[in-house]
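In: Fold the stuff below for me.
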Amino acid sequence: MSAADAGGRRTYRVYRYKRGEPGWRFDMFDVPITRTVLEGLRWIQLHLDRTLAIRHSCMHASCGTCGVQVNGREALACVTPADDLGATITVEPLANIPVLTDLVVDMREFVARFPDEIPSLRAAEQLPEATPLEGIDAYDRFEDCIECGLCLSACPVSATSNAYVGPAALAAAQRLLEEPRGADTDRVLEWADAPFAGWRCHAAFECTAACPSDVRPAERIMALRGRLGGRGATS
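Out: Residues are numbered from 1 along each chain as shown. Okay, here's the model as predicted:
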């Protein structure tokens with residue numbers, strides 16, 4: 001349906017949950033056409049309901065904080081065009097991560113799945129005057145992961161088990177094996193060989209489809225399994 005067909009407005013069907021209230025619900029909001037879903041949510045917050053809780057920061061798909069489900073699919077709200085989604089836009093929090101309030105999930109649960117060997121910050125080692133090696137563009141740079149949680153939300157295995165570490169953590173482990181920078185790779189492989197880690201993935205590739213940064217976590221999990229090789233599955 002075009003904007004003209006909808007009278008220049010959209011109906012937002014937004015998931016609502018507040019601690020202390022019984023259960024959750026969907027609230028309906030009549031919203032003018034905006035460029036993106038995030039702009040529509042901010043319009044609701046500013047003009048209709050200031051209690052609506054949302055997360056956002058960079059506004060251009062770099063920080064990952066505005067991850068939600070839009071019409072049942074994982075997306076970054078800041079770069080999801082609102083005009084392409086029909087007359088009613090359903091917005092829900094990411095799946096498989098505890099909801100704190102409304103569209104805000106507890107990302108501590110997401111980060112806690114990563115192995116301890118993966119640091120929160122990794123300093124660049126290339127000096128400004130250095131010349132990149134020939135063919136460097138062919139390397140996969142998995143620091144591109146913005147830790148948005150979309151892959152975990154889309155993962156069908158994560159939907160059945162809270163114990164599964166999930167695609168982002170496994171992709172990060174494989175990246176660490178490719179570029180250890182002093183990390184204990186045997187410990188990383190031991191972590192990846194656990195029952196709810198590398199061998200638990202069902203290769204649905206939903207994580208790769210959801211990833212907004214082209215990290216391709218499913219492919220990295222397959223590479224990680226190759227590294228595990230002779231260690232064998234323990235599950």
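
In: most distant residue from the middle of this protein?
Out: residue 129 (34.4 Å; Cα atoms, centre = their mean).

In: doesn't that one fall inside a helix?
Out: No - counting by DSSP: H, G, I helix; E, B strand; the rest coil, residue 129 is not found in a helix; it is coil.

In: residues touching it, list them.
Out: Applying Cβ atoms under 8 Å, 6 or more residues apart in numbering to residue 129 gives no contacts. (Glycine included, C-beta is placed from N, CA and C.)

In: Mind pulling up the pLDDT for it?
Out: pLDDT recorded at residue 129 is 71.

In: And it, how close does it get to residue 63?
Out: 30 Å (Cβ to Cβ, to the nearest Å).

In: give me phi/psi at residue 92?
Out: phi -130, psi 160 (degrees, to the nearest 10).

In: domain parsing for this structure?
Out: The chain breaks down by automatic domain parsing into domains covering 9-105, 108-231.

In: Lowest average confidence across these, which one?
Out: domain 108-231 (a mean of 84).

In: gap between that domain and the chain center?
Out: Mean C-alpha position of domain 108-231 versus that of the full chain (Cα atoms, centre = their mean, to the nearest Å) differs by 13 Å.

In: now do stretch 90-104
Out: For stretch 90-104, the distance to the chain centre is 12 Å (Cα atoms, centre = their mean).

In: same check, this time on stretch 85-105
Out: 13 Å.

In: Which stretches in the protein count as helices?
Out: 37-47, 107-111, 150-154, 167-178, 185-192, 206-210, 217-228 (DSSP state H).

In: Looking at the ones you listed, which is nearest to residue 82?
Out: helix 37-47 (5.2 Å; Cβ to Cβ).

In: Render the CA-only coordinates of the closest one in PDB, please.
Out: What follows is helix 37-47, C-alpha atoms only, in PDB (Å, rounded to 0.1, in the frame of the first residue of the first chain):
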ATOM      1  CA  VAL A  37      10.800   2.900  11.500                       C
ATOM      2  CA  LEU A  38      12.900   4.600  14.200                       C
ATOM      3  CA  GLU A  39      11.700   8.000  13.200                       C
ATOM      4  CA  GLY A  40       8.100   6.700  13.500                       C
ATOM      5  CA  LEU A  41       8.800   5.300  17.000                       C
ATOM      6  CA  ARG A  42      10.400   8.600  18.100                       C
ATOM      7  CA  TRP A  43       7.400  10.500  16.800                       C
ATOM      8  CA  ILE A  44       5.200   8.300  19.000                       C
ATOM      9  CA  GLN A  45       7.500   9.000  21.900                       C
ATOM     10  CA  LEU A  46       7.500  12.700  21.400                       C
ATOM     11  CA  HIS A  47       3.800  13.300  20.400                       C
END
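
In: Since that was my last question, I'll sign off now.
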